[in-house]
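Enquirer: following is a predicted model, sequence given first.
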Amino acid sequence: MGYLRSAVCSVVCLAGTLSSCTAGAVNVSISCGAVGVELQLCKSGARAWARKTGNTVRVVSTPNSSTDRLALYQQLLSAGSDSIDVFQIDVIWPSILQNDFIDLKPYVTQSRLDAQFSELVKNDTVNGRLVALPWYIDAGLLYYRKDLLEKYRQPVPDTWKALTETARDIQDKERAAGHRNMWGYVWQGRAYEGLTCDALEWVASYGGGTIVNDAGRITIDNPRAVQALKRAAGWVGTITPTGVLNYAEEQSRGVFQSGHAVFMRNWPYAWPLVNGPRSPVKGKVGVTQLPRGGAHGKHVATLGGWQLAVSKYSKVKKQAVDLVRYLTSEREQKRRALKGGYNPTYRALYQDPDLLKASPVYAKLYHSFVNAIARPSRVTGRQYNRVSSDFWNAVHFTLAGQGSARDNLKSLAGRLDRLSRPGWRR
C-alpha cells in the first residue's frame with residue numbers, strides 16, 4: 001500500500017493559480033495520466049473549470065501503464081476510498097469497474113451522446129447505465145520517416161511483409177552509412193495491455209479473429225493467428241531491438257523521435273510530439289493506417305481511448321459530475337486536440353477547419369476510428385483483465401523465444417476455455 005499512498009498524495013491544487021486554493025471552496029480530485037502532454041492538458045482544463053466555478057481541483061498523477069493504473073484504481077475502489085472523485089478510465093474498464101461509478105445518463109442530454117462516436121457511447125453503457133463519458137478516442141497508427149522512404153525510393157508499405165522488407169533495407173543502408181543505432185521498426189512489446197493492442201492488430205490483420213468472438217467463443221488458436229505472431233517474433237533482434245520486450249508507448253516514441261527508427265506503431269498522441277519544435281524528426285514524419293496481413297488480410301487498428309467516470313464513493317458528486325461534463329465537452333475536446341493532439345469523440349470536429357488546418361492528419365483519423373476493432377472486453381465482462389493478461393503473456397513468451405507461436409496459442413486457448421466455463425459475465 002506504500003505505492004498507493006504516494007500516488008494519491010502526489011497532487012497539484014488548481015484554482016486561480018497552481019500555487020493556491022480558494023478557501024472554503026469544494027475540492028474535487030481527478031486522476032490523470034501523464035503520457036506525453038496528457039498531465040499538462042488535464043491540469044489546464046481543470047484550472048479553467050476551477051476558475052469558472054470557484055471550486056478547487058486536486059490532480060492525481062497515475063501510472064502510465066494501464067495495467068498498473070487499473071491495479072491502483074481497484075485498490076482504491078475496493079476500499080471505498082473517496083481520495084479520487086473523478087477517474088480517468090481506459091475504454092476496456094467500464095464493465096470491470098461498473099459497480100464503483102455512478103450513472104451519468106441523468107446528467108447529459110441525448111443530443112450530446114448522439115453527436116459522439118456511437119461505439120464509444122455503447123462501450124461506456126453497461127446494463128443500461130452510462131458508467132463514463134468519452135474523453136478522447138484512439139486507434140493504432142503507423143508512423144514512418146517519409147524522408148528516408150523518399151531517399152531510398154521506397155513506397156509506404158501496405159502489408160506486414162512489405163514493412164519487414166522495407167524496414168530491413170533502410171536500416172541496413174543507414175547503418176552502412178554510419179547510423180549504427182538505426183532500427184527498422186519499434187512498437188510496444190512489454191507484457192502489458194499495450195501488447196494486447198499491438199498483437200490484436202497483428203492477428204486480426206491476418207484474419208485471425210479477436211481472441212474471443214462476439215458470441216463468446218474462443219477463436220485465438222488458429223493458423224492465421226500463428227502466422228501473425230511468427231511474423232512479429234521474427235522482427236525481434238532483426239529490425240526491432242530486443243529491448244522492445246520492455247517498451248511501452250513512450251519508449252517507442254523516444255527511439256523514433258530521436259531519429260533511430262524508420263517505422264513506429266503508436267497512438268495518435270505521438271503525432272504533435274514527433275512534430276514538436278524541438279523534435280529531431282520534425283517535418284520528416286508521415287502517418288498512415290497499419291499494414292494488413294496476407295491474402296486474407298485487412299487494415300486493422302485497435303480501438304482505444306479514455307473516459308471520465310465519477311466514483312460512487314465521492315462526497316462531492318454534484319461538482320464531480322460538473323467537472324466531467326466540462327472536460328468532456330466539445331469545446332474542451334477541441335482545445336485538447338489543438339494543444340496536444342488528443343482526438344475528439346465528437347464526429348463533427350473531424351470536419352472542423354481549425355483542426356484540419358492545424359493537422360491535416362485528422363482527415364485520415366476519422367476513418368480509422370470508425371473502422372477500429374474493439375478488444376473483447378464487452379463479451380468477457382469482468383473477466384477481461386484475465387483474458388488480456390493471459391493473451392499478452394502468451395504473445396510475450398513467443399516474442400522472447402520461449403515456446404512457439406503454435407504451442408503458446410494452443411495453451412492460451414486451453415486456459416481461456418477453463419476461464420469461460422462458468423460464463424464470461426459471472
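Expert: Received the coordinates, thanks. Nothing here was measured: the structure is a model prediction, and the numbers come from that model.
Enquirer: so where's the stretch 151-300 of the chain uncertain?
Expert: 295 (pLDDT under 70).
Enquirer: show me where this structure has strands.
Expert: 11-14, 27-32, 56-61, 86-90, 125-126, 129-130, 133-139, 141-145, 183-186, 261-266, 285-288, 303-310 (DSSP state E).
Enquirer: tell me the mean pLDDT for the longest one?
Expert: Rounded to a whole number, the mean pLDDT of strand 303-310 is 94.
Enquirer: name the strands paired with that strand and say parallel or antiparallel.
Expert: Partners of strand 303-310 in the sheet, by DSSP bridges, are strand 86-90 (antiparallel), strand 133-139 (antiparallel).
Enquirer: just want the angle from the longest one to strand 261-266.
Expert: What that stands for is strand 133-139. With axes from the mean of the first three to the mean of the last three C-alpha atoms, to 10 degrees applied, the angle from strand 133-139 to strand 261-266 works out at 150 degrees.
Enquirer: closest to the centroid, which residue in this protein?
Expert: In the chain, the centroid-proximal residue (C-alpha atoms, centre = their mean) is Gly304; its distance is 4.6 Å.
Enquirer: report the separation between it and Asp158.
Expert: According to C-beta to C-beta, to the nearest Å, Gly304 and Asp158 sit 23 Å apart. Any C-beta I mention is one placed from the backbone N, CA and C, and that applies to glycine too.
Enquirer: Ala25 now?
Expert: In terms of C-beta to C-beta, Ala25 sits 55 Å off from Asp158.
Enquirer: same check on Asp417?
Expert: From Asp417 over to Asp158 (counting by C-beta to C-beta), the distance is 36 Å.
Enquirer: over to Trp93?
Expert: Distance from Trp93 to Asp158, by C-beta to C-beta: 34 Å.
Enquirer: who has more neighbours out of these two?
Expert: Neighbours per residue (other C-beta atoms under 10 Å) separate Trp93 from Asp158, with Trp93 holding more: 27 against 14.
Enquirer: nearest spatial neighbour of that one, skipping sequence neighbours?
Expert: Nearest residue to Trp93, sequence neighbours excluded (C-beta to C-beta, 6 or more residues apart in numbering): Leu70, at 6.5 Å.
Enquirer: who is the residue nearest to Val156 when sequence neighbours are not counted paired with across the strands?
Expert: Closest residue to Val156 apart from its sequence neighbours, by C-beta to C-beta, 6+ apart: Thr288 at 5.7 Å. Beta-bridge partners for Thr288, by DSSP bridges, are Leu142.
Enquirer: I figured Thr288 hits Leu149, correct?
Expert: No. Applying C-beta atoms under 8 Å as the test, Thr288 and Leu149 come out as separate, 11.0 Å apart.
Enquirer: between these two, what contacts are shared?
Expert: Residues touching both Thr288 and Leu149 by C-beta atoms under 8 Å, 6 or more residues apart in numbering: Val156.
Enquirer: next, count neighbours for Gln110.
Expert: 8.
Enquirer: how near is it to Arg129?
Expert: From Gln110 to Arg129 the distance is 15 Å (C-beta to C-beta).
Enquirer: then Gly259?
Expert: 48 Å.
Enquirer: got it, and Gly414?
Expert: Distance from Gly414 to Arg129, by C-beta to C-beta: 34 Å.
Enquirer: who has more neighbours, those two?
Expert: Shown here are Gly414 and Arg129; by other C-beta under 10 Å, Arg129 has more neighbours (16 against 12).
Enquirer: which ones are touching that one?
Expert: Neighbours of Arg129 in contact, by C-beta under 8 Å, 6+ apart: 98, 103, 105.
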